[in-house]
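below are the sequence and a predicted model; questions follow.
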Amino acid sequence: MTISLLGRTALVCGSSKGIGKASAFELAKLDANIILLARSESELKSLVKELPGQGKHSFLAIDISEREKLKISVQQLLSTYNKIHILVNNTGGPKGGLITEATEDEFLQTFQNHVLVSSLLANLLLSGMKEDNYGRIINIISTSVKIPLANLGVSNTIRGAMASWAKTLSNEVARFGITVNNILPGYTDTERLDVLMSNAAQKQNKTKEQIRAEWEKSVPIGRFARPEEIASAVAFLASPSASYINGINLPVDGGRTGSL
């Protein structure tokens, strides 16, 4: 199977590092035009020069919590690219903690940065997707959508809301050639996982290496995912080959999630 995204444009959120960065590179290899989106202008300036493929690449340095500014910036992008066919919603998770200890502000901020921002971006891009009868909205969420994870109370709550939003949207836009799917990464070697391991080590009076070994043991494959392995799933769902896959939650977790 040969996959090409030549002539398609992808907006990849949180693309300065981790899964977002890997996804941008994977889509670029398929010759998509890539728009990197993250906060750090210096990091994005460097990364955009490294992107492979035949596409036309650019970046948008912005804090997604500033939604009005984000809206204006994306509208300006559309005047340059005309249409953006692929949206990868990828936002860093909130800090860990018990749900009973979470503040109202933590819930609100996380909801805004995940659900409201994703909805805003989708609504801005949908008209162009409809015109071309081609759209792919891919949300990087978490396996907590299937089974809530301990000590991630706010994250579990908002990830579930994201999944419900995506499923609802998928039913509304499918007839226009637009699919909406969620990727649920398991343990993946990223900065966020490193922070979670450090926090767990401190609370359990163990070393980070001990925590890593325990967590890896819980994965049937026996190791953490590489960001590139998650990105491969993103690239497939973004492609024409995935045209009949819509409204799903796809775990990419090495078999760790204990549900069907």
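Cool, got the structure.

point out where this structure drops to low pLDDT.
Low-confidence segments of the chain, defined by pLDDT under 70, are absent.

pop the domain breakdown of it in here.
Residue ranges for the domains of the chain, per automatic domain parsing: 9-187+227-252, 190-224.

how about a markdown table for those, with distance to S259 and mean neighbour count added?
The way it works is simple: take the backbone N, C-alpha and C, and place the C-beta from them, glycine included. A markdown table is the format used below for the domains of the chain (distance: least, C-beta to C-beta, whole Å; neighbours: other C-beta atoms under 10 Å):
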| stretch | distance to S259 | mean neighbour count |
| --- | --- | --- |
| domain 9-187+227-252 | 5 | 19 |
| domain 190-224 | 14 | 14 |
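
which one of those domains lies closest to I3?
Nearest to I3, of all the domains of the chain, is domain 9-187+227-252, at 4.5 Å by C-beta to C-beta.

all helices of the stretch 1-150 of the chain, in order?
For the stretch 1-150 of the chain, helices defined by DSSP state H, counting those that start in this stretch occupy the ranges 18-29, 41-50, 67-81, 104-111, 117-132.

just tell me which of those ends up closest to D194.
That would be helix 18-29 among the helices of the stretch 1-150 of the chain, by C-beta to C-beta, at 10.3 Å.

ok, the spatially closest residue to Q210 that is not a sequence neighbour - contacts?
Of all residues not flanking Q210 in the chain, A201 sits nearest, at 7.0 Å (C-beta to C-beta, 6 or more residues apart in numbering). Going by C-beta atoms under 8 Å, 6 or more residues apart in numbering, A201 touches 207-208, 210-211.

and the domains of the chain as TSV, adding distance to M1?
TSV is the format used below for these (distance: least, C-beta to C-beta, whole Å):
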stretch	distance to M1
domain 9-187+227-252	6
domain 190-224	23
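
quick one: contacts for the nearest residue to N133 once chain neighbours are set aside?
What sits nearest to N133 in space, not counting adjacent residues and going by C-beta to C-beta, 6+ apart, is G177, at 3.8 Å. Contacts for G177 (C-beta under 8 Å, 6+ apart) come out as 129-130, 132-135, 243.
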